[in-house]
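>>> Model the structure of this input:
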Amino acid sequence: MAAAVVVAVLAAGLATTTVVNVVASNSENSRIESYGQRVDVDGRKINVLVTGSGLKDVVLLPGFGTASPVLDFAPLVRDLSQDHRVIVVEPLGYGLSDGTDRERTTENIVQEVHGALQALGVKRYILMGHSIAGLYGIDYANRYPEEVSAFVGIDTSVPGQPGMDTEFPTGLMSAAKNLGLLRLLTALTSADDNPAYTPYAREQMQLLSNRNSMSPTYLNEMAHIPTNFQRALGTSFPKDLPLLQFVVAENKQNPEWLELHRRQASSVADGTVVPLAGEHYLHHTHAGEIADGVRAWEVGRV
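The predicted structure follows:
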């Protein structure tokens, strides 16, 4: 009898969270406000933001699962766009871009990002990215060497880094979202109060996170992480491509993190590593330092 009562209570609770999630999602979607512009790539719309002006273009790519790359990169974009044209690309499944059922292999993601830049007429640029964009960036720079003038990483992923062979329980994660458990967990955690972001920006990022997190596109990319890393083993940036890496100075989960990036930098003719004290999202807290570092490094290079 006691077990039956517990099951009944759990079932009622899950039914409640499921209904709340559906109602809240419908309400939230109407509160998401547009930004940037949408370009067509193979029948899907990719959202991009183009801002600033200067002699050099910088293309920004997000880390895995970033709810809104445009809003997430805003502090860095504000600084860099003072003397660069900055293009933020929101890959399919991110930000205001469409979702897709096309497999989230490195090759497909890279080709789609390139398609968005072609649609904009962007010809020559510094490719700059956070986290897993480092993995995609290697493939990108080797595919389009005539377009990429340099790569700048923000605590980027590196082929061969430990822990990337984990199989993620994507089915359970999808169920958690549909049952409203992901929303409940998010509500119980404290919100990011980084002063670099306005309350409006934080609210919009949360709305987009509720919509995009654990979506089919998101989960498909997550499921491809082990194979994408496996296929990247032994790959590197082109030898003659200038490489600048801003890296967390002390990664307690991976003590070899800084050394992995130094090895990567040594694999090219012109590689520089800049250690910074902080957490993985360095552009949240070190936007000014990163922008100034890029400017100083650019002189005589790109």
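>>> C-alpha only now, for contacts and for neighbours.
Will do.
>>> Quick check: end-to-end length of stretch 81-91?
21 Å (C-alpha to C-alpha, to the nearest Å).
>>> helix/strand/coil for residue 238?
Classification of residue 238 by DSSP: H, G, I helix; E, B strand; the rest coil places it in coil.
>>> Pull the contacting residues for it.
Contacts for residue 238 (C-alpha atoms under 8 Å, 6 or more residues apart in numbering) come out as 141-142, 145, 268.
>>> Neighbour-wise, give me the winner out of these.
Comparing those on neighbour count, residue 141 comes out first with 21 neighbours (neighbours: other C-alpha atoms under 10 Å).
>>> my read: it touches residue 236, true?
No: the pair residue 141 / residue 236 is not scored as a contact, 9.4 Å apart, by C-alpha atoms under 8 Å.
>>> Tell me where this structure has strands.
Ranges of strands in the chain, per DSSP state E, are 37-41, 44-51, 57-61, 85-90, 125-130, 148-154, 243-248, 271-276.
>>> Pipe those strands into TSV and attach mean neighbour count and mean pLDDT per row.
Formatted as TSV, the strands of the chain follow (neighbours: other C-alpha atoms under 10 Å; pLDDT from 0 to 100):
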stretch	mean neighbour count	mean pLDDT
strand 37-41	16	98
strand 44-51	21	98
strand 57-61	25	98
strand 85-90	25	98
strand 125-130	24	98
strand 148-154	24	98
strand 243-248	25	98
strand 271-276	18	98
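>>> export those to CSV and tack on distance to residue 137?
Shown next, in CSV, are the strands of the chain (distance: least, C-alpha to C-alpha, whole Å):
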stretch, distance to residue 137
strand 37-41, 19
strand 44-51, 18
strand 57-61, 9
strand 85-90, 13
strand 125-130, 8
strand 148-154, 8
strand 243-248, 11
strand 271-276, 15
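>>> quick one: which of those strands is nearest residue 300?
Residue 300 sits nearest to strand 148-154 of all those, at 12.3 Å, using C-alpha to C-alpha.
>>> tell me the angle of that closest one relative to strand 57-61?
In terms of direction (axes from the mean of the first three to the mean of the last three C-alpha atoms, to 10 degrees), strand 148-154 departs from strand 57-61 by 50 degrees.
>>> contacts for strand 148-154?
124-131, 134, 137, 141, 241-247, 281-283, 294, 302.
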